[in-house]
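**Q** Just a sequence and a predicted model for now, questions to come.
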Amino acid sequence: MTPAMMVIEAYCEAHQRLLAFVQQLSDEQLFWQLTPDSHSIAFHIWHVARWADHLQAAFSGMTPELGRRLGPGKQIWHEEGIAARWGFRSAELGFAETGMVMADAYATTLPFPSCSELLDYVSRVFERAEQAARQIDDEQFQTPEQPQDMTEGIFGASTVGDAVMSHTTHANRHLGMMECLLGLQGQRGTATQ
């Protein structure tokens with residue numbers, strides 16, 4: 001495997017590890033909050049999924065070749081009008097409705113749907129994101145990202161690979177937070193055996 005392939009595989013594995021972790025949880029564990037002002041595991045998995053959805057749609061605009069391979073980027077979140085369906089106020093969901101720079105006062109009170117509906121969205125997003133990422137070969141991985149509205153001000157002057165690595169790191173950071181939250185509930189808080 002090339003270094004690019006290894007990073008893309010780590011990106012996909014991070015999603016699978018997150019999904020496996022949350023699929024074992026009860027509704028009570030998923031939505032539990034240490035205090036009314038703290039985030040739940042549901043918030044963290046939603047936030048990572050929103051970024052995966054946003055990034056998979058942005059891949060096609062990163063280089064002309066990825067645009068050719070992937071076609072127009074579309075987010076499941078927008079295609080299905082999920083914010084409205086779940087009763088989320090889009091204007092308060094932070095950058096690109098991803099939860100980034102979102103006010104904690106709203107983030108801690110999001111009206112999440114049932115566990116099964118939330119995880120259905122998460123699993124479909126991760127599947128689409130992994131399919132898109134696997135279209136990135138070594139050359140595209142090293143290609144500088146061209147300017148586009150979807151990622152302006154996020155990654156800076158970077159390559160496609162930088163975006164994949166950044167999301168992989170981000171996903172794993174949130175997995176650590178979720179593991180901690182499960183541990184605070186008196187459960188074994190590790191996602192790995």
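**A** That came in fine, so what should we check first?
**Q** for the biggest helix by length in the chain, which positions count as buried?
**A** Longest helix in the chain by number of residues (criterion: DSSP state H): helix 160-184. Within helix 160-184, the residues scored as buried using 16 or more other CB atoms under 10 Å are 160-168, 170-172, 174-175, 178-179, 181-182. For glycine as for every other residue, the C-beta is placed from the backbone atoms N, C-alpha and C.
**Q** before we move on, what about stretch 30-44?
**A** Neighbour-count burial for stretch 30-44 [16+ other CB under 10 Å]: 30-32, 39-44.
**Q** what's the answer for stretch 118-138, then?
**A** 118-119, 121-123, 125-130, 132-133, 136-137.
**Q** Give me the subset of these lying in helices.
**A** Using DSSP H, the buried residues of stretch 118-138 in helices are 118-119, 121-123, 125-130, 132-133.
**Q** Let's have those in CSV, adding distance to residue 71 and pLDDT.
**A** Shown next, in CSV, are these (distance: CB to CB, whole Å; pLDDT from 0 to 100):
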residue, distance to residue 71, pLDDT
118, 27, 98
119, 27, 98
121, 21, 98
122, 23, 98
123, 22, 98
125, 17, 98
126, 19, 98
127, 17, 98
128, 12, 98
129, 15, 98
130, 17, 98
132, 10, 98
133, 15, 98
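**Q** Tell me the one of these nearest residue 8?
**A** Checking those against residue 8 by CB to CB gives residue 133 as the nearest, at 5.1 Å.
**Q** If you tally nearby residues, what's the number for residue 113?
**A** 16 (other CB atoms under 10 Å).
**Q** so what does the one helix or strand residue 54 maps to touch, helix or strand wise?
**A** Here residue 54 sits within helix 41-62, counting by DSSP states H and E. Of the remaining helices and strands, those touching helix 41-62 by 3 or more CB pairs under 8 Å, 6 or more residues apart in numbering; DSSP states H and E are helix 3-23, helix 27-31, helix 64-70, helix 76-79, helix 115-133, helix 160-184.
**Q** and the gap between residue 71 and residue 57?
**A** 11 Å (CB to CB, to the nearest Å).
**Q** Same drill for the two, tell me which one is more crowded.
**A** residue 57 (23 against 9).
**Q** ok, now which ones touch that one?
**A** If you count contacts by CB atoms under 8 Å, 6 or more residues apart in numbering, residue 57 has them with 73-75, 150.
**Q** most neighbours, which of the residues you listed?
**A** residue 75 (22 neighbours).
**Q** pretty sure it contacts residue 52?
**A** No. Using CB atoms under 8 Å, residue 75 is not in contact with residue 52; the gap is 9.7 Å.
**Q** got the phi/psi numbers for residue 100?
**A** Phi and psi for residue 100, reported as degrees, to the nearest 10, are phi -70, psi 130.
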